[in-house]
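Enquirer: here is my input; please provide its structure:
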Amino acid sequence: MPRQPLLILLSLSACDIENNLHPILEPVPLPISTCDPALDIHLPEDEADRPVAVCSAESSVIRAIHERTTLHGERSYDANGGQIVEYRWKLVEAPEASTAALQPGPEDFLERLSPDLVGTYLVELQVVNDACALSDPCLVSVSAIADADLWVEMFWDHRGEDMDLHLLRPGAQQDSQQDCYYGNCIAPDVLDWDVHGLREDDPHLDLDDIDGMGPENINITAPGADRYVVAVHDYPGSVREAATEVTVRVYLMETLAFEETRTIRGEGALVRFAEVNMATGTVQPL
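Expert: From the prediction side, this is the model:
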């Protein structure tokens, strides 16, 4: 039976609440723009005639997957007394294979970002005034960090393929209770490894992608065992059956300890990429 798409709900932290630097703002309607986006909006030759975009991030360093940050542009202005009528947000840079997208906030001058991979995200803001003049871009950088002592990411290079990320204990059989994968490791149906009832030493599959190119993610906040094996399974029955380039990254204590791209051929193949040794803080290719 083909797998069904999964909706994974992520809890959000206090990062979502504006701090004292960005107090919660009452809704303020923007002036109605009379600019035709295709004809009127322009970048004046004289910089003095341009409005000024001012942008910032509520939090510039956040935990990948588990947190989001709000981007602010309400301090943008027009030195000539004009009104800002449009805020143009754009995600201009993200880690390779990221599918993160900006989400509108409750006001046009607010935007939200939820990173799905560790790395740097660069967001651009341009504003338009009531004279249809466009500002120079303002850029704000957000760093997404690994949110666990053991953090594993995986993505691949073709749509129509379904690659599955696995984290096994040494000697464990595929798809067993000693193997964290889509069949048994997505909250709330998670594995209970090591200390019974302690969630910090249990693996979690936070991202599972079926018909895209990833990413997928498995992490353990505080690993209880010394060794783990990272593997990728080419799920049989996907549309694409040709060879696929698959990349795996392993972060230990927020530091990238392993990255490798391999070609996987053959439906149903399980390819063991690496063994993680938490005791020594090393990752050995397999």
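Enquirer: and the helices in the chain?
Expert: Ranges of helices within the chain: none, based on DSSP state H.
Enquirer: nearest spatial neighbour of the residue nearest the centre of it, skipping sequence neighbours?
Expert: Compute the mean C-alpha point of the chain, and by Cα atoms, centre = their mean the closest residue is Asp116, 1.3 Å away. Spatial nearest neighbour of Asp116, chain neighbours left out: Ala100 (4.9 Å); criterion: Cβ to Cβ, 6 or more residues apart in numbering. Using the backbone N, CA and C atoms, a C-beta is placed for each residue, glycine as well.
Enquirer: list the contacts of that neighbour.
Expert: Under the criterion of Cβ atoms under 8 Å, 6 or more residues apart in numbering, the neighbours of Ala100 are 91, 94, 113-117, 121.
Enquirer: tally of neighbours for Leu167?
Expert: Taking other Cβ atoms under 10 Å as the criterion, the count of residues near Leu167 is 27.
Enquirer: pLDDT weak spots in the chain?
Expert: Counting by pLDDT under 70, the chain contains low-confidence ranges at 1-32, 38.
Enquirer: look up how far Cys132 lies from the residue nearest to Asp116.
Expert: For Ala100, the distance to Cys132 equals 31 Å [Cβ to Cβ, to the nearest Å].
Enquirer: same deal with Asp116?
Expert: Computed with Cβ to Cβ, the distance linking Asp116 and Cys132 is 36 Å.
Enquirer: just to revisit the earlier point, just checking, the residue nearest to the centre of the chain touches Leu207?
Expert: Yes - in terms of Cβ atoms under 8 Å, Asp116 counts as a neighbour of Leu207; the distance is 6.4 Å.
Enquirer: what residues are shared contacts of these two?
Expert: Listed contacts common to Asp116 and Leu207 are 65, 215, 217; contacts here mean Cβ under 8 Å, 6+ apart.
Enquirer: pretty sure the last one sits against Ala148.
Expert: So the one you mean is Asn217. No - with contact taken as Cβ under 8 Å, Asn217 and Ala148 are classed as non-touching, separated by 9.5 Å.
Enquirer: returning to that earlier point: PyMOL command to pick out the buried ones of the contacts of Ala100?
Expert: To isolate the buried members of the contacts of Ala100 in PyMOL, using 16 or more other Cβ atoms under 10 Å:
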select buried, resi 91+94+113+114+115+116+117+121
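Enquirer: can you lay out the contacts of Ala100 as a markdown table showing distance to Asp201?
Expert: Rendered in a markdown table, the data for those read as follows (distance: Cβ to Cβ, whole Å):
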| residue | distance to Asp201 |
| --- | --- |
| Leu91 | 35 |
| Ala94 | 31 |
| Leu113 | 30 |
| Ser114 | 26 |
| Pro115 | 25 |
| Asp116 | 24 |
| Leu117 | 24 |
| Tyr121 | 30 |
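Enquirer: residue contacts, His233?
Expert: For His233, the contacting residues are 163-164, 166, 174, 181, 268-271, by Cβ under 8 Å, 6+ apart.
Enquirer: in space, what's closest to it - neighbours in sequence excluded?
Expert: Computed as Cβ to Cβ, 6+ apart, the closest residue to His233 that is not its neighbour in sequence is Asp164, at 4.4 Å.
Enquirer: report the beta-bridge partners for the closest residue to Thr261 other than its chain neighbours.
Expert: The shortest distance from Thr261 to any residue that is not its chain neighbour, by Cβ to Cβ, 6+ apart, is 4.4 Å, and that residue is Thr247. Under the criterion DSSP bridges, Thr247 forms beta bridges with Phe155, Thr261.
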